[in-house]
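Novice: give me a model of this one.
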Amino acid sequence: MSEETIPPKAITITNQKGGTGKTTLTALLAYSLASKGYNVLILDLDPQAHLSSLFLKISEIENVNDGTFHMAKGLKFEIRKINLQSIRGKLGLVPSGLNYVINVYRGELPAWDPFAIYKRISREPAITKEYDFVLCDTPPELFPPTMWGLYAADYIIIPSNMEELSLAGLKLLLKEVLPEVLMVRGSHNLRVLGVALINVTRHFRQKTFDDLNTAITKFIKDSLPSVIARNVFEKPLFNTIIHRNSELTDLVYRPRRWELPLDRVLRSETSLRLEVDSLREEILSRIDNFKGLM
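Specialist: Numbering: from 1, shown residues only. Here you go, the predicted model:
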């Protein structure tokens with residue numbers, strides 16, 4: 001494969017529990033990477049279209065006929081250019097649409113091909129020649145869009161908060177889902193960069209996070225196949241914590257949220273921006289210097 005057609009690094013943000021911050025984290029990381037000068041493409045694989053609604057008017061996502069659903073079916077798709085003031089790189093979005101839910105209901109998803117999205121992002125010149133990263137936001141359910149994201153990924157980030165069900169969701173992903181994905185993918189490598197804590201209150205002490213990292217490490221080493229441990233970063237929990245922020249609380253449910261550009265929030269909330277940029281640097285470092293648990 002020539003240098004011009006090397007596919008971008010695909011990072012899938014996923015957890016088997018809903019409400020863990022997948023959509024928010026995807027948007028924050030896309031902004032932060034683009035602000036550093038990287039060209040970033042966001043794929044909204046969730047039929048609920050919450051990520052798309054952060055950037056597009058509801059009227060624009062009521063009936064999408066060239067989004068990620070069509071991309072997975074091998075049909076024409078369109079990358080929407082997202083214009084934010086503070087970014088130096090290119091930011092693009094392939095949206096989900098509200099009509100996507102109807103496609104799911106009617107059983108029209110191309111469930112027979114888990115590599116449907118991988119084929120497009122690894123072969124389409126509009127992606128391979130233009131973007132450094134592809135970020136995939138997934139629904140929590142284990143149905144085709146989630147699997148598309150997992151089979152397309154070079155790297156996985158698992159968002160979580162300190163709530164017990166969120167932590168149970170990440171264990172479910174590691175124990176029940178990833179072994180099967182790794183078995184089917186074969187030589188197409190997949191690495192878990194870590195667990196990113198988001199929407200965490202500030203009353204937790206560092207010892208709590210250290211104990212959580214120890215518990216996750218023990219779970220992986222004691223309960224999972226060695227192939228999983230080799231493909232999870234040696235310190236599963238990212239050092240950076242994204243703390244709860246009032247501007248981000250329920251952002252995906254606010255009216256007219258596309259009129260509150262994410263860059264405006266991050267420019268006005270200095271502590272949040274510093275946390276997101278710190279997490280970005282951790283992610284880039286882990287990609288360049290990956291070392292598994294075993």
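Novice: for A10, helix, strand, or coil?
Specialist: Assigned by DSSP: H, G, I helix; E, B strand; the rest coil, the conformation of A10 is strand.
Novice: check contacts around it.
Specialist: 118, 121, 133-134, 136, 152-155 (CB atoms under 8 Å, 6 or more residues apart in numbering). The way it works is simple: take the backbone N, C-alpha and C, and place the C-beta from them, glycine included.
Novice: check R244 too.
Specialist: Contacts of R244 by CB under 8 Å, 6+ apart are 199-202.
Novice: please apply the same query to N39.
Specialist: So N39 contacts 8, 89-92, 130-133 (CB under 8 Å, 6+ apart).
Novice: can you say which of those residues are buried?
Specialist: Listed as buried from those are 8, 89-92, 131, 133; burial here means 16 or more other CB atoms under 10 Å.
Novice: who wins for neighbours among the contacts of A10?
Specialist: For the contacts of A10, the largest number of neighbours (other CB atoms under 10 Å) sits with C136, at 30 neighbours.
Novice: can you give the distance of whichever strand or helix holds that one from its chain's centre?
Specialist: In this structure, C136 sits in strand 133-137 according to DSSP states H and E. In this view, strand 133-137 has its centroid 6 Å away from the chain centroid, taken as CA atoms, centre = their mean, to the nearest Å.
Novice: likewise stretch 11-30?
Specialist: 5 Å.
Novice: re the thing from before, most neighbours among the contacts of R244, which one?
Specialist: N199 (22 neighbours).
Novice: look up phi and psi at that one.
Specialist: Per-residue torsions, N199: phi 60, psi 40 (degrees, to the nearest 10).
Novice: next: L91.
Specialist: When read as degrees, to the nearest 10, the backbone of L91 gives phi -130, psi 120.
Novice: tell me the pLDDT at it?
Specialist: The model reports L91 with a pLDDT of 97.
Novice: got the contact list for the least confident helix or strand in the chain by mean pLDDT?
Specialist: Sorting the helices and strands of the chain by mean pLDDT, DSSP states H and E puts helix 99-105 at the bottom, at a mean of 81. Contacts of helix 99-105 with the rest of the structure, by CB under 8 Å, 6+ apart, involve 47-49, 62-65, 67-69, 109, 143.
Novice: may I ask which of these comes out lowest in pLDDT?
Specialist: Out of the contacts of helix 99-105, that is L109, at 75.
Novice: quick one: contacts for D113?
Specialist: Listed by CB under 8 Å, 6+ apart, the contact partners of D113 are 72, 119.
Novice: how close does it sit to E141?
Specialist: D113 sits 18 Å away from E141, going by CB to CB, to the nearest Å.
Novice: again with P255
Specialist: In this view, P255 and E141 are 26 Å apart by CB to CB.
Novice: more neighbours: which of those two?
Specialist: Shown here are P255 and E141; by other CB under 10 Å, E141 has more neighbours (13 against 7).
Novice: distance of the more buried one from K17?
Specialist: The value you get for E141 to K17, if CB to CB is used, is 10 Å.
Novice: was I right about E62 contacting G97?
Specialist: Yes: shown here, E62 and G97 form a contact pair, counting by CB atoms under 8 Å, at 7.0 Å.
Novice: between those two, which one's more packed in?
Specialist: G97 (24 against 11).
Novice: test my guess that that one contacts N63.
Specialist: Yes: under the criterion of CB under 8 Å, G97 makes contact with N63 at 6.2 Å.
Novice: can you give me the helices for this protein?
Specialist: With DSSP state H as the criterion, the chain has helices at 22-35, 50-53, 58-61, 68-72, 99-105, 116-123, 125-128, 144-152, 164-172, 178-185, 206-223, 226-230, 262-268, 270-288.
Novice: can I get the longest one in PDB, CA atoms only?
Specialist: In PDB, the C-alpha atoms belonging to helix 270-288 read as follows (Å, rounded to 0.1, in the frame of the first residue of the first chain):
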ATOM      1  CA  THR A 270     -10.100  26.500  31.100                       C
ATOM      2  CA  SER A 271      -9.900  23.500  33.500                       C
ATOM      3  CA  LEU A 272     -12.000  21.400  31.200                       C
ATOM      4  CA  ARG A 273      -9.800  22.200  28.200                       C
ATOM      5  CA  LEU A 274      -6.600  21.400  30.100                       C
ATOM      6  CA  GLU A 275      -8.100  18.000  31.100                       C
ATOM      7  CA  VAL A 276      -9.100  17.200  27.600                       C
ATOM      8  CA  ASP A 277      -5.800  18.200  26.100                       C
ATOM      9  CA  SER A 278      -4.000  16.200  28.800                       C
ATOM     10  CA  LEU A 279      -6.000  13.100  27.900                       C
ATOM     11  CA  ARG A 280      -5.300  13.700  24.200                       C
ATOM     12  CA  GLU A 281      -1.500  13.700  24.900                       C
ATOM     13  CA  GLU A 282      -1.900  10.500  26.900                       C
ATOM     14  CA  ILE A 283      -3.700   8.900  24.000                       C
ATOM     15  CA  LEU A 284      -1.100   9.900  21.500                       C
ATOM     16  CA  SER A 285       1.700   8.700  23.800                       C
ATOM     17  CA  ARG A 286       0.000   5.300  24.300                       C
ATOM     18  CA  ILE A 287      -0.400   4.900  20.600                       C
ATOM     19  CA  ASP A 288       3.300   5.600  20.000                       C
END
